[in-house]
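**Student:** How does the following fold in three dimensions:
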Amino acid sequence: MVNHGNVIGAGIRVEGSVQGSGDLDIEGTVSGSVELRGDLDVHVGAEIDGTVSATSLEVAGTIRGPVTAESRVSISASGVIEGDVSAPEISVDPKARVTGRFDMPIDLPRGLGSRSNSIARR
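**Tutor:** Presented below is the predicted three-dimensional model:
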């Protein structure tokens, strides 16, 4: 994890939404949504209780709520997400814990989708 300079430090508790542009490191606790136009790092020991959206997201702490990223979500061994995860690229360490669904757009080879639809209708 990279320190971006903007930090909600360990021992700090934010009650309410966090919104903005730029990169952010969370080491403390946020009770509310986090909406960020930038990279978000949730460090070991950090907790977020709410919806999270960012350009990219690295999770080593705990998120309780749905997660959406424009580019990627990376969940390390200590990471915990209790909610659905949506991003074009998702990487999950085998020791991470996720309770929810993954939503990743997948480009199927041309024609494959139409054949599978016709098979499903039979």
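**Student:** any weak-confidence spans in the protein?
**Tutor:** Applying pLDDT under 70 to the chain picks out residues 1-4, 112-122.
**Student:** who's in contact with the residue nearest to the spatial centre of it?
**Tutor:** Centroid-nearest residue in the chain, with C-alpha atoms, centre = their mean: Val67, separated by 4.1 Å. Shown in contact with Val67 (C-beta atoms under 8 Å, 6 or more residues apart in numbering): Thr51, Val52, Ser53, Leu57, Val59, Val73, Ile81, Gly83, Asp84, Val85, Ser86, Ala87. Placement of C-beta: from N, CA and C, glycine included.
**Student:** what about the fifth one, how many neighbours?
**Tutor:** If I follow you right, that is Val59. 30 (other C-beta atoms under 10 Å).
**Student:** Would you enumerate the residues in contact with it?
**Tutor:** Contacts of Val59 were listed using C-beta under 8 Å, 6+ apart, and they are Val42, Val67, Val73, Ser74, Ile75, Ser76, Gly79, Val80, Ile81, Ala96.
**Student:** what sits opposite it in the beta ladder?
**Tutor:** Val42, Ile75 (DSSP bridges).
**Student:** next one: the second one
**Tutor:** Counting by DSSP bridges, Val52 is bridged to Val34, Val67.
**Student:** Just give the closest residue to Ser53, not the sequence neighbours.
**Tutor:** Thr68 (4.4 Å; C-beta to C-beta, 6 or more residues apart in numbering).
**Student:** where's the one you found relative to Ile90, distance?
**Tutor:** Between Thr68 and Ile90 the computed distance is 11 Å (C-beta to C-beta, to the nearest Å).
**Student:** repeat for Leu36
**Tutor:** Distance from Leu36 to Ile90, counting by C-beta to C-beta: 18 Å.
**Student:** ok, the two, which is more surrounded?
**Tutor:** Leu36 (22 against 18).
**Student:** and that one, which of the three is it?
**Tutor:** strand (DSSP: H, G, I helix; E, B strand; the rest coil).
**Student:** Give me the nearest residue to it, chain neighbours excluded.
**Tutor:** Spatially, and ignoring its direct neighbours in sequence, Leu36 is nearest to Ala54 (4.3 Å; C-beta to C-beta, 6+ apart).
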